[in-house]
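Colleague: any chance you can model this:
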Amino acid sequence: MAVSANPGSVGGRVRSVFRHGAFARYMAGEAVSMTGTWMQVMAQAWVMTSLTTSAAMMGLVNFTSGIPMLALSLVGGVAADRFDRRHILLVTQVAQICLAITLGWLVANDLIRVWHVLAVAFVLGISNSFEMPAATALVPELVPRSEVASAIAVERSVFHGTRLIGPALGGYVVARLGTASAFFLNACSFLALIVALMTIRPRGEYNFEEQKERRGGIRQGISYVRSDPPTLGMIALMAATTFFLFPVMAVMLPLYARNELQLGPDKMGWLMGVAALGSFTGSVGLLAVPQTKRRILMLGGVAMASAALASLGLARTFTVAAGSLIALTFGASMIIGLANTIVQERAPSPLRGRVSSVAGLSFFGLMPFASLGVTSVADIIGMRTAMLVSSGLFVLTGAAILSRTSHRPTPSETPAPSFR
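Modeller: Presented below is the predicted three-dimensional model:
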């Protein structure tokens, strides 16, 4: 039976990928869990803005979370290839429930201090070091190889779609029910993903050669990345996007909203939610991008994100800032989504966890240093000036990387054992 009249259309691709039960259940659990996570991100940002006015201190939270990820992500990639990825994800979800409850209790009892947030961020970084490569490598194995690009686009759409709901819902909860409620609700949201993971059957048996590759070390993943120019170029592009754009989008935005635009918690939540609109649209747009158009669209994404960041640096009203954020996050989402799709399509299944961990370092490994560096510069030269400088440097770096990146056909690969 045909999935749709036009299986090559965006709607046809979405319906096709959701026919796979394990993928559909995983996405449902992920949607609930990520909504709760974005609620907590908003609530934690609001707590931090009440504890400090320093952009560098906001960056320190990301730095503290990123250090264990820098140290352990490659170990997490090896674990994701050697052990059952479902079990790794189950353990990390339980850990994050405990962390959310801890922060909620501290906030509810008016005991929260900056060092508490830093301590929780550090432990969360350890958890994420194992969760990130396991989750990234799991999604492509829930669908046939021919639908990997569609599955990644849908997963990114769910991720960014929850950013539309989570921060705005978090702002509402903080304003109406108190800040601690957002942390407790996030703890409950992890249960949805835990249930989904428990319904996914263990992966099938691999042949001898694949088992041998899976028992290898991280050096195999690094060697593969170094030997494949398209993969290396895409990781470099993700690193540039992380360094120049994400400190603004993920770290300075709460202070920008509160101090530069003079917004309250509800409007801050709306601004963070509006920012997700661009990311969501960019992720959905990946479903309609043919392989032959990827390079030109990534170049367009670089130009759009750079111009939008400059506009944000000059904005004086909520409306202009919101429009700039939509364009900024749309461009960044298109760049990251296409680059990650290329990396995942090209990665051999036995090495996918390790390749994912190397690629993840371009964000999670670099983000702590980018956050601390850019925010420290912002404290010296001003937040708006820092945005303008980042805008100019990003367009130059992104264009240089794409001009040097070669393109080769995606290597063929025997399909990995599937989940049901």
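
Colleague: where does pLDDT dip in the stretch 251-400 of the chain?
Modeller: The stretch 251-400 of the chain contains residues with pLDDT under 70 at 287.

Colleague: quick one: the helices in it?
Modeller: Shown for the stretch 251-400 of the chain, the helices assigned by DSSP state H, counting those that start in this stretch span residues 253-255, 265-285, 294-314, 318-346, 352-360, 367-381, 383-404.

Colleague: right, and those helices - which one's nearest residue 19?
Modeller: Among the helices of the stretch 251-400 of the chain, helix 265-285 comes nearest to residue 19, with 18.7 Å by C-beta to C-beta. In short, each C-beta sits where N, CA and C put it, glycine included.

Colleague: helices or strands up against that closest one?
Modeller: Applying 3 or more C-beta pairs under 8 Å, 6 or more residues apart in numbering; DSSP states H and E, we find helix 265-285 packed against helix 21-51, helix 148-177, helix 253-255, helix 318-346.

Colleague: 6 Å instead, please
Modeller: In terms of contacts (3 or more C-beta pairs under 6 Å, 6 or more residues apart in numbering; DSSP states H and E), helix 265-285 is packed against helix 21-51, helix 148-177, helix 318-346.

Colleague: these into a markdown table, with extra columns for mean neighbour count and distance to residue 141?
Modeller: Listed next are these as a markdown table, based on neighbours: other C-beta atoms under 10 Å; distance: least, C-beta to C-beta, whole Å:
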| stretch | mean neighbour count | distance to residue 141 |
| --- | --- | --- |
| helix 21-51 | 22 | 9 |
| helix 148-177 | 22 | 9 |
| helix 318-346 | 23 | 10 |
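
Colleague: of all those helices, which lies closest to residue 375?
Modeller: Proximity to residue 375 (C-beta to C-beta) singles out helix 21-51 among the helices and strands packed on helix 265-285, at 12.0 Å.

Colleague: model confidence over that closest one, on average?
Modeller: Averaged over helix 21-51, pLDDT sits at 90.

Colleague: what's the answer for stretch 114-128, then?
Modeller: 93.

Colleague: sorry, back to before: got a markdown table for the helices and strands packed on helix 265-285, with distance to residue 120 too?
Modeller: Output for those, formatted as a markdown table (distance: least, C-beta to C-beta, whole Å):
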| stretch | distance to residue 120 |
| --- | --- |
| helix 21-51 | 9 |
| helix 148-177 | 17 |
| helix 318-346 | 26 |
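
Colleague: what's the closest of these to residue 131?
Modeller: Counting by C-beta to C-beta, and looking across all of these, nearest comes helix 21-51 at 11.1 Å.

Colleague: the closest one vs helix 265-285, what angle?
Modeller: 150 degrees (axes from the mean of the first three to the mean of the last three C-alpha atoms, to 10 degrees).

Colleague: circling back: please identify the most buried of the helices of the stretch 251-400 of the chain.
Modeller: helix 352-360 (a mean of 28; mean count of other C-beta atoms under 10 Å).

Colleague: list the helices and strands that one packs on?
Modeller: helix 55-82, helix 114-138, helix 218-227.

Colleague: out of the helices of the stretch 251-400 of the chain, which is closest to residue 118?
Modeller: The nearest among these, by C-beta to C-beta, is helix 367-381 at 11.9 Å.

Colleague: do you know the pLDDT at the residue nearest the centre of the chain?
Modeller: Nearest residue to the geometric centre of the chain (C-alpha atoms, centre = their mean): residue 159, 7.5 Å. In this model, residue 159 is scored at 81, pLDDT.

Colleague: quick one, what contacts it?
Modeller: residue 34 (C-beta atoms under 6 Å, 6 or more residues apart in numbering).

Colleague: gap between it and residue 283?
Modeller: 7 Å (C-beta to C-beta, to the nearest Å).

Colleague: same question, residue 122
Modeller: Residue 122 is 30 Å from residue 283, by C-beta to C-beta.

Colleague: nearest to residue 200, of the helices and strands packed on helix 265-285?
Modeller: Proximity to residue 200, assessed across the helices and strands packed on helix 265-285 by C-beta to C-beta, is greatest for helix 21-51 (4.8 Å).

Colleague: summarise which helices and strands the closest one is packed against.
Modeller: On a contact count with 3+ C-beta pairs under 6 Å, 6+ apart, helix 21-51 meets helix 148-177, helix 179-198, helix 265-285.

Colleague: including distance to residue 72, could those helices go into JSON lines?
Modeller: Shown next, in JSON lines, are those (distance: least, C-beta to C-beta, whole Å):
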{"stretch": "helix 148-177", "distance to residue 72": "22"}
{"stretch": "helix 179-198", "distance to residue 72": "21"}
{"stretch": "helix 265-285", "distance to residue 72": "27"}
